[in-house]
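Participant: Here's my sequence, what's the structure:
(one chain, ligands or ions: 1)
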Amino acid sequence: MVKVAPSVLSANFAELKKDLDSIRECGADWIHYDVMDGHFVPNISFGYSILNDIAKVSDLYLDVHLMIEKPMQYVDAFIKSHASLITAHIEAFHHEQEVKTFIQYVHDQGVHVGLSVKPDTPISSIQQYLDDLDLVLVMSVEPGFGGQTFQEQALSKIQELCQLKQNRHYLIEVDGGINATTGQLCREAGVDVLVAGSYVFNAENRKEAIDSLK
Ligand SMILES: O=C(CO)[C@@H](O)[C@H](O)COP(=O)(O)O
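Facilitator: Residues are numbered from 1 along each chain as shown. So this is what the prediction gives:
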């Protein structure tokens, strides 16, 4: 069964603990934590201190998605704030060695590591790192905002990652515009983890919304 990772970007921050308890009770598997710096994407969200607070009140796996220009500058802070997995964008790195250093460094601290691709970035851009990844995050919207429409080219990327998987252990995650319909298309394509923000947090019945994704 796929895992569902509600994106707290769509949570109510004045009621964050209540929202975190609610998604856990409704069957969420992971918490997806979107970090935006106003440079890599045209939006600012939250940093590591809120993650540290979340870790104190939730035992869910903390899936950190860095949409920032300098992942290595902040990776330690997110590790100390109890990230379970740290995913950075391939587009944020300038050289192959930077990517390798990021992957090795995060693994050496005992934390899972992922790479993400924007909608226009091909899977070939990360192919050489696949052996060492715990997760590949396929963006099905331009990163930066919740509530956008799912872009279908994500489906062929999910299929491509399934074909490339062979003996590799990475999970395939998709993020952006996920609802019951697009979630089903992604499941049929072979996805392992569905990130859903507005669909889960804005639902009248969050359990039904999460069940519909599984
Ligand atoms: O990373 C992002 C946006 O950059 C996502 O995690 C969104 O937060 C998903 O929101 P919905 O499209 O599900 O509303």
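
Participant: Tell me which residue in this structure sits closest to the ligand.
Facilitator: Using Cβ to the nearest ligand atom, the single residue of the chain nearest to the ligand is Gly197, 2.9 Å away. Where you see a C-beta, it was placed from the backbone N, CA and C, and this is true even at glycine.

Participant: Enumerate every residue touching that residue.
Facilitator: By Cβ atoms under 8 Å, 6 or more residues apart in numbering, the contact list for Gly197 reads Pro6, Ser7, Val8, Leu9, Ser10, His32, Gly146, Gly147.

Participant: In the residues you listed, which residue is surrounded by the most others?
Facilitator: Pro6 (33 neighbours; other Cβ atoms under 10 Å).

Participant: So that residue lies in a helix, does it not?
Facilitator: No - the assignment for Pro6, made by DSSP: H, G, I helix; E, B strand; the rest coil, is strand rather than a helix.

Participant: can I get the contacts of Gly197 in a markdown table with distance to Pro122?
Facilitator: As requested, these are exported to a markdown table (distance: Cβ to Cβ, whole Å):
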| residue | distance to Pro122 |
| --- | --- |
| Pro6 | 28 |
| Ser7 | 24 |
| Val8 | 29 |
| Leu9 | 26 |
| Ser10 | 28 |
| His32 | 23 |
| Gly146 | 25 |
| Gly147 | 26 |
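
Participant: Name the nearest of these relative to His107.
Facilitator: Nearest to His107 among the contacts of Gly197: His32, at 20.6 Å, using Cβ to Cβ.

Participant: name the helices or strands packed onto the helix or strand where that closest one lies?
Facilitator: Using DSSP states H and E, His32 falls within strand 30-36. When contacts are defined as 3 or more Cβ pairs under 8 Å, 6 or more residues apart in numbering; DSSP states H and E, strand 30-36 sits against strand 3-6, helix 48-57, strand 61-67.

Participant: let's see 7 Å
Facilitator: strand 3-6, strand 61-67 (3 or more Cβ pairs under 7 Å, 6 or more residues apart in numbering; DSSP states H and E).

Participant: partners of the longest one, with directions?
Facilitator: The strands that strand 61-67 pairs with in its sheet are strand 30-36 (parallel), strand 85-89 (parallel) (by DSSP bridges).

Participant: Now for the most centrally placed residue in the chain: which residues touch it?
Facilitator: Taking Cα atoms, centre = their mean, the centroid of the chain lies closest to His65, which sits 4.9 Å from it. Shown in contact with His65 (Cβ atoms under 7 Å, 6 or more residues apart in numbering): His32, Tyr33, Asp34, Val35, Thr87, Ser116, Leu137.

Participant: doesn't Pro6 make contact with the third one?
Facilitator: No - the pair Asp34 and Pro6 fails to qualify as a contact (Cβ atoms under 7 Å) at a distance of 11.0 Å.

Participant: Quick one: closest of the strands paired with strand 61-67 to Lys214.
Facilitator: Closest to Lys214 of these is strand 30-36 (Cβ to Cβ; 12.8 Å).

Participant: Excluding chain neighbours, give the residue nearest to Val113 in space.
Facilitator: Val106 (4.1 Å; Cβ to Cβ, 6 or more residues apart in numbering).

Participant: In a helix, that neighbour, correct?
Facilitator: Yes - counting by three-state DSSP, Val106 is found in a helix.
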